[in-house]
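> Whatever this is, show me its structure:
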Amino acid sequence: MEIQEQIEENLEEAEKKFAKLKKLQMSRVKNFKFSDDDDYQTKQQALEIANVSNDVTALIRMSDTKLKQLVDFNAEDNKTDKVIRQNIQSNLASKLKDLTGMVRRQEKEHYLQV
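Numbering: from 1, shown residues only. Okay, here's the model as predicted:
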């Protein structure tokens, strides 16, 4: 199941990047300055957070697209294969939903703190 493996790899990579994103956001909150003269480090930190956040979002979207392809992959399969594919899709969709929810909560929490 090549598509399943790609989705699992994307989710694993997204989870790693999400952990990195959380660390970057916590660091930014700790070092946040209320001054007009944003220093270079603050700008770099904000840029890195945006880049990692975009990476996580792209991996989630890519996984979602691949997930939709999973059941339609081979419509000529027998009923058992189709049921197995649907079960795999359901499992992966659940993981994707959980990850998406965690990312949204973290983003909301970060922006409320900043």
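> Show me what the helix or strand hosting residue 43 packs onto, helices and strands only.
Secondary-structure assignment from DSSP states H and E places residue 43 in helix 40-72. With contacts defined as 3 or more Cβ pairs under 8 Å, 6 or more residues apart in numbering; DSSP states H and E, the packing partners of helix 40-72 are helix 2-30, helix 79-113. In short, each C-beta sits where N, CA and C put it, glycine included.
> averaging pLDDT over each of those, which comes out lowest?
Set side by side, the helices and strands packed on helix 40-72 differ in mean pLDDT, and helix 79-113 is lowest with a mean of 90.
> What angle do helix 2-30 and that one make with each other?
In terms of direction (axes from the mean of the first three to the mean of the last three Cα atoms, to 10 degrees), helix 79-113 departs from helix 2-30 by 10 degrees.
> what's the offset of the helix holding residue 43 from the middle of its chain?
Average the C-alpha atoms of helix 40-72, do the same for its chain, and the two points are 6 Å apart (Cα atoms, centre = their mean, to the nearest Å).
> coming back round to it: redo the helices and strands packed on helix 40-72 as a markdown table? Include mean neighbour count and distance to residue 45.
Rendered in a markdown table, the data for the helices and strands packed on helix 40-72 read as follows (neighbours: other Cβ atoms under 10 Å; distance: least, Cβ to Cβ, whole Å):
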| stretch | mean neighbour count | distance to residue 45 |
| --- | --- | --- |
| helix 2-30 | 16 | 5 |
| helix 79-113 | 14 | 12 |
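> Tabulate those in CSV, adding columns for distance to residue 53.
Compiled in CSV, the helices and strands packed on helix 40-72 are given as follows (distance: least, Cβ to Cβ, whole Å):
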stretch, distance to residue 53
helix 2-30, 6
helix 79-113, 7
